[in-house]
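Asker: Need a 3D model of the following:
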Amino acid sequence: MNLDHSLRLAAIVVAIGGCVVDRDAGSFAGDSSGAPGTSTGAPQGEGSSTGDASTDGVKLDLAGIDLPAEECASVSQSSTILEAPSDILVVVDHGASHTQLQSVFSNFSLLIGDGQIEDVRVVMLAGYPTDGGGVCIDEAPLGTQMCPESDANPPMYHHVDEVIAAPSLLDQVLATHGAWGPTMRAGAWKHLWVVSSADASLPTEEFLAELVALDPDFERLTVHAMVPGAPRSGCSALRPGTDAGDASAYIALAEATGGVFEPLCDYNVGELFDQMLERIHEVALSCSYDIPTPPDGQVFDPGRVNVDYDDGFGLQTIGHVASPADCAMVANGWYYDDVETPTMVVMCPQTCGRFEAAEQASIELRFGCATVPAG
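Answerer: Residues are numbered from 1 along each chain as shown. Alright, predicted model coming up:
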């Protein structure tokens, strides 16, 4: 993209004033200024460069910011931070004590009833109460006071009656996708809350790959684990005669996806829900910006896009990450909504939170220079 053509793009820096939070909305997006042009391929890798769009001695004067000579023409548009829908899949193995955990799920329903999680859908994958195990939620808004026979309350709450065995929990999640998968919403942020007396039945990478193959929305997955931190007998949260095994793989999975770990045998409901709420809001509040249409005769190159941010203390470039999962590995970053055919630039949750905290800030999308990787 040469400078003459680049300058035909509107070089507008948009002040977002700390971002506007609208928790009544059920999706997140920036204002659209048209569909992107033809993609010429994925980002070109870290440090790659195939030239730039600048001309020696030329500077772009954008909203009072005198950018360096080797800058690219830029396009920005107004944006609003909205809270995206959240789908929570809860999986409970039958070794967990129905009596002990009944209060946990009662309080979970009350938490949702308090409106602290906007636009939420809960899917329970567990057997109904039998032999001391199983789950049934009576309390509104999830429950319908028909336990233990039934507690499904669509569309907010679905219960798939499946007796879960701890040694095969993740296998059963995949095998029953046909029963619970259709209740999940396209575009919603996904959370998996596991309550288990034993460790994961599949290696993390294998499970996540198979889950994403079933539903690509699970690329944006946060795992919360209410599991034993170490082997233990006599755990009150389990049925008599059921011992707690080591669940270090679940704990690592929760940490890797930015989720919450709470010890099953010594849990604190208040701590658990406070942390889960924080994580749910963090991932749901994600800034996104539509990629504008390029000028006539030009094409959009996803390997030549950069994001600049100014909070009043100087212009900073936010680096690119390959996927939402990589956000946890960097201090700040952004990614494309779709790697193959991107239509939006999406901020990592921690970066969006930074925007929200700023009293005055501007965000600018620049086109024409090699994409800078986060690091």
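
Asker: what's the domain layout of this protein?
Answerer: 3-82+286-367, 86-284 (automatic domain parsing).

Asker: mean confidence for the longest one?
Answerer: The pLDDT scores in domain 86-284 average 89.

Asker: Convert stretch 205-223 to CSV, retaining C-alpha atoms only.
Answerer: Provided in CSV are the C-alpha atoms of stretch 205-223 (Å, rounded to 0.1, in the frame of the first residue of the first chain):
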residue,chain,number,x,y,z
GLU,A,205,-3.9,-30.0,24.4
GLU,A,206,-5.8,-33.0,23.1
PHE,A,207,-9.0,-32.1,24.9
LEU,A,208,-8.9,-28.4,23.8
ALA,A,209,-8.2,-29.4,20.2
GLU,A,210,-11.1,-31.8,20.1
LEU,A,211,-13.4,-29.3,21.8
VAL,A,212,-12.5,-26.6,19.3
ALA,A,213,-13.1,-29.0,16.5
LEU,A,214,-16.6,-29.5,17.7
ASP,A,215,-17.2,-25.8,18.2
PRO,A,216,-14.7,-23.1,17.2
ASP,A,217,-16.2,-20.7,19.8
PHE,A,218,-14.3,-22.7,22.4
GLU,A,219,-11.1,-21.0,21.2
ARG,A,220,-12.2,-18.4,23.8
LEU,A,221,-12.4,-20.8,26.7
THR,A,222,-11.8,-20.1,30.4
VAL,A,223,-11.6,-23.2,32.7
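
Asker: neighbouring contacts of it?
Answerer: Outside of stretch 205-223, the residues within contact range by CB atoms under 8 Å, 6 or more residues apart in numbering are 170, 173-174, 177, 181, 184, 186-194, 200, 202, 250, 253-254, 256-259, 279-280, 283, 323-325. From N, CA and C alone the C-beta is placed, and that goes for glycine too.

Asker: Pull out the buried positions in that stretch.
Answerer: For stretch 205-223, burial by neighbour count (16 or more other CB atoms under 10 Å) applies to Phe207, Leu208, Glu210, Leu211, Asp217, Phe218, Arg220, Leu221, Thr222, Val223.

Asker: Out of those residues, which sit inside helices?
Answerer: Those of the buried residues of stretch 205-223 mapping onto helices are Phe207, Leu208, Glu210, Leu211, per DSSP state H.

Asker: so where do the helices sit in the stretch 51-200 of the chain?
Answerer: With DSSP state H, counting those that start in this stretch as the definition, the stretch 51-200 of the chain shows helices at residue ranges 98-113, 169-175, 177-180.

Asker: Looking at these, which is nearest to Glu271?
Answerer: Among the helices of the stretch 51-200 of the chain, the nearest to Glu271 by CB to CB is helix 98-113 (12.0 Å).

Asker: Run through the neighbouring helices and strands of the closest one.
Answerer: Counting contacts by 3 or more CB pairs under 8 Å, 6 or more residues apart in numbering; DSSP states H and E, helix 98-113 packs against helix 269-284.

Asker: could I have the helix it packs on exported to CSV, CA atoms only?
Answerer: Provided in CSV are the C-alpha atoms of helix 269-284 (Å, rounded to 0.1, in the frame of the first residue of the first chain):
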residue,chain,number,x,y,z
VAL,A,269,-17.9,-20.2,48.2
GLY,A,270,-17.5,-16.5,48.6
GLU,A,271,-13.9,-16.6,47.3
LEU,A,272,-14.9,-18.9,44.5
PHE,A,273,-17.7,-16.7,43.1
ASP,A,274,-15.8,-13.4,43.6
GLN,A,275,-13.0,-14.7,41.5
MET,A,276,-15.2,-16.3,38.9
LEU,A,277,-17.2,-13.1,38.6
GLU,A,278,-14.0,-11.1,38.1
ARG,A,279,-12.7,-13.5,35.4
ILE,A,280,-16.1,-13.6,33.6
HIS,A,281,-16.3,-9.8,33.4
GLU,A,282,-12.6,-9.5,32.4
VAL,A,283,-13.1,-11.7,29.3
ALA,A,284,-16.5,-10.4,28.5
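
Asker: Could you tell me the angle between that helix and helix 98-113?
Answerer: Between helix 269-284 and helix 98-113, the angle formed by their directions is 40 degrees, by axes from the mean of the first three to the mean of the last three CA atoms, to 10 degrees.

Asker: Mind listing what's buried along helix 269-284?
Answerer: Within helix 269-284, the residues scored as buried using 16+ other CB under 10 Å are Leu272, Phe273, Gln275, Met276, Arg279, Ile280, His281, Glu282, Val283, Ala284.

Asker: Using TSV, lay out the residues you listed together with distance to Leu238.
Answerer: Compiled in TSV, those are given as follows (distance: CB to CB, whole Å):
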residue	distance to Leu238
Leu272	17
Phe273	21
Gln275	22
Met276	21
Arg279	25
Ile280	27
His281	31
Glu282	31
Val283	30
Ala284	32
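
Asker: on that earlier part again, so which pair among the buried residues of stretch 205-223 is furthest apart in space?
Answerer: The most widely separated members of the buried residues of stretch 205-223 are Glu210 and Thr222, with 17.7 Å between them, by CB to CB.

Asker: Select, out of the helices of the stretch 51-200 of the chain, the one closest to Pro148.
Answerer: Among those, helix 98-113 comes nearest to Pro148, with 8.5 Å by CB to CB.

Asker: From the structure, what's the count of residues near Ala198?
Answerer: Neighbours of Ala198 under the rule other CB atoms under 10 Å: 22.

Asker: for it, what are its contacts?
Answerer: For Ala198, the contact set (CB under 8 Å, 6+ apart) comprises Asp93, Gly95, Ala166, Pro167, Leu169, Pro228, Ala244, Gly245, Ala247.
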